[in-house]
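Engineer: just the structure for this:
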Amino acid sequence: MNQPVIVYIFALVVVLTIVSKMLVRLQLSRAKHGSLRGHSKWSRRVARRVPFFNYDESIFFVSDGAPESIGQQRRLALNSLETAIKNKCTKTLAYCAELEKSVSDVQFTSQYRIPFPYREVLPQCFKLGSIADETKGSKIKDLDGNWRYDLSGSYGVNVFGYDFYKECMDEGITLTKQLGPVLGTYHPLIGENVEMIKQISGLDEVSFHMSGTEAVMQAVRLARYHTGKSHLVRFCGAYHGWWDGVQPGVGNTRVTHDVYTLADESEDSLKVLESRKDIACVLINPLQAFHVNNDAPSDTGLIASERSTGFNKQQYSQWLSRIRQICTQRNIVLIFDEVFTGFRLGYRGAQGFYGIQADMVTYGKTLGGGLPIGVVVGTHQLMKRFKPGQPAHVSLARGTFNSHPYVMGAMNVFLKRIQTPQIQTQYEQSEALWNSRVAHFNQRLQAEKLPLKISNIHSILSVSYTLPSRYNWMLQFYLKNHGIELSWTGTGRLIMSFSFSDADFNAVVECFVQAAQQMQQDSWWWQSPQLTNKAIKRQFLSDMLTAKYPLIAGLLPRPLLARKQPQLTGITLSDENNFKKAG
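Structural biologist: Below you'll find the model as predicted:
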């Protein structure tokens, strides 16, 4: 074979290799969701470049193009609501304000309750969270003695009602108090707990941790250890804890190269799972079926009225079934992250709810019977942390407080209680019950001609807004004034416990209706032909670009504020005229 032929063959091999890699890369790109959420690295880059800007009082009340008369009505309404909340919550607000100085979590949540351009003018009492000293049934009481229906759900812990968990904790401590906080040595209750968890999960072995995030970290580590593969797959918008290994986008300062963020319910994503050889595991957050390819809804992101949630159980079950089949064929570990949904969707959690058996399951939240816990359950093969033939090749995972006796006690009481006929009957009826309740909720809202719609997955609800508005985030404060306790994410996720009776639920509906009616009367949902979701987003983009590049302010469209005196800078919206003169 002469030299030119060898060169041609070599060149052909190089070209084919490059083309092959390009096709693989193209396949991966097609499997990503088209939004920034689906492109983690780009979302981080964009997030770093979003400038802060602030609507001062001249714009705050009329940022939707409303006339000054409506703005004045809103201003008076906000002052009245501020006075009412201050009068009701004097002690609670004072305590929160003092706490904010020293607790970073409080500082963060105080800043991220509403879209950021409005937060400087928003009264301080609206930004602060709650301090509570008592719960009873479905209600929670603040320091001023105000009882509210609790729709925060303690971030998912409260499945069965606070009284249920207080009893689990008290009885659990009674069972273990003779041992006290002994660590490393196990309390004998651990054996019963393990057997019950194995029966519920359908898996073989258990490891205990102190949080859901820890449990997910361990599950992913073991999947990589046993498959010898590097990458994990998560789906767009899904949350799996704050560990940077499963949160590659905004909020994570470490660049990750071993996570594929794919589009949920996408044929292209299935092709990636079928073809790539480097995927160790697929992480499923079952709650993602409620807002496919979107982040968990929060009032912080209520720029317009395009929040969308909805649930199709049959469709999502079929999707998970296809993933299950591919994972089995391709030696990919299927991990159900049930930290939030476990023991809420059913006795066997999402596995029973969707009819899918996972290879590993992570639990947390409610399983501790009211105390902190993270649990990993898996097959014998996947849970082993060492290889018999390779004594130095181990997968380390320990935690000082793993299997704390008091946690084991509360967990033991919890697991035994949910096996009782009463709770099992409740599980059998709960899905239909909550669907019926939400249908009634929507009928009531529709009858009152309020621009709200409720969607749900089981006992987790979300509020959508049916008219274009820039002020939907105000509803959370009206709800608080009318006896509803929300988490800091606002109306995006309402987590209700099974302790809500029909009477309780109907009372919540009435609180919602009254709060929304007052908000409507105060003109926050004022409408005009120019006020569309598209116009709102264009106005927001224009304001953001003006704050970033003030010299181009006069060149940008202002669909809602064209009639207003221009008022935009990167800090406030009061000096745009000066920038124009400078230009």
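Engineer: list the buried residues in the strand or helix carrying residue 125.
Structural biologist: Residue 125 is part of helix 124-127, with elements assigned from DSSP states H and E. Buried residues in helix 124-127, counting neighbours by 16 or more other CB atoms under 10 Å, are found at 125-127. Backbone N, C-alpha and C define where each C-beta goes, glycine included.
Engineer: one more: stretch 344-360?
Structural biologist: Neighbour counts over stretch 344-360 (16+ other CB under 10 Å) mark 344-351, 353-354, 356, 358-360 as buried.
Engineer: CA atoms of it as PDB?
Structural biologist: Taking Å, rounded to 0.1, in the frame of the first residue of the first chain, the C-alpha atoms of stretch 344-360 are listed here in PDB:
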ATOM      1  CA  ARG A 344     -47.400  11.400  50.700                       C
ATOM      2  CA  LEU A 345     -48.400  10.000  47.300                       C
ATOM      3  CA  GLY A 346     -49.100   6.600  48.900                       C
ATOM      4  CA  TYR A 347     -47.900   4.000  51.400                       C
ATOM      5  CA  ARG A 348     -45.100   3.000  48.900                       C
ATOM      6  CA  GLY A 349     -44.700   6.500  47.700                       C
ATOM      7  CA  ALA A 350     -44.100   7.300  44.100                       C
ATOM      8  CA  GLN A 351     -43.200   3.700  43.300                       C
ATOM      9  CA  GLY A 352     -46.600   2.500  44.300                       C
ATOM     10  CA  PHE A 353     -48.300   5.600  42.900                       C
ATOM     11  CA  TYR A 354     -46.800   5.200  39.400                       C
ATOM     12  CA  GLY A 355     -46.400   1.400  39.500                       C
ATOM     13  CA  ILE A 356     -42.600   1.500  38.900                       C
ATOM     14  CA  GLN A 357     -39.900  -0.300  40.900                       C
ATOM     15  CA  ALA A 358     -36.700   1.700  41.200                       C
ATOM     16  CA  ASP A 359     -33.100   0.300  41.800                       C
ATOM     17  CA  MET A 360     -32.500   2.800  44.600                       C
END
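Engineer: and the helices in the stretch 151-300 of the chain?
Structural biologist: 162-176, 189-201, 212-227, 267-275 (DSSP state H, counting those that start in this stretch).
Engineer: let me know which of those is the nearest to residue 301.
Structural biologist: Across these, the minimum distance to residue 301, taken as CB to CB, is reached by helix 212-227, at 22.5 Å.
Engineer: and the closest one, what other elements does it pack with?
Structural biologist: strand 205-209, strand 231-235, strand 279-284, strand 333-338, strand 360-364, strand 374-378, helix 380-383 (3 or more CB pairs under 8 Å, 6 or more residues apart in numbering; DSSP states H and E).
Engineer: residues making contact with it?
Structural biologist: Contacting residues not belonging to helix 212-227 are listed as 207, 209, 230, 232, 240-243, 245-246, 280-281, 283, 331-333, 335, 337, 339-340, 360, 362-365, 374-376, 378, 381-385, 395, 397, 399 [CB atoms under 8 Å, 6 or more residues apart in numbering].
Engineer: and that helix with strand 333-338, angle?
Structural biologist: Between helix 212-227 and strand 333-338, the angle formed by their directions is 170 degrees, by axes from the mean of the first three to the mean of the last three CA atoms, to 10 degrees.
Engineer: what about the residue nearest in space to the middle of the chain, distance to residue 507?
Structural biologist: Within the chain, one residue has its C-alpha closest to the average C-alpha position: by CA atoms, centre = their mean, that is residue 296, at 3.8 Å. Using CB to CB, to the nearest Å, we find residue 296 at a distance of 26 Å from residue 507.
Engineer: the residue nearest to residue 451 when sequence neighbours are not counted in helix, strand or coil?
Structural biologist: Taking CB to CB, 6 or more residues apart in numbering as the measure, residue 451 lies nearest to residue 467, with 4.0 Å between them; neighbours along the chain are not counted. Secondary structure, DSSP: H, G, I helix; E, B strand; the rest coil: residue 467 is coil.
Engineer: wait, isn't residue 467 in contact with residue 528?
Structural biologist: No. The criterion here is CB atoms under 8 Å, and residue 467 misses it with residue 528 at 11.0 Å.
Engineer: re the thing from before, including pLDDT and distance to residue 550, could the buried residues of helix 124-127 go into CSV?
Structural biologist: Below are those laid out as CSV (pLDDT from 0 to 100; distance: CB to CB, whole Å):
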residue, pLDDT, distance to residue 550
125, 92, 33
126, 93, 29
127, 91, 28
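Engineer: which among these gets closest to residue 511?
Structural biologist: If you rank the buried residues of helix 124-127 by distance to residue 511 using CB to CB, residue 126 comes first, at 17.8 Å.
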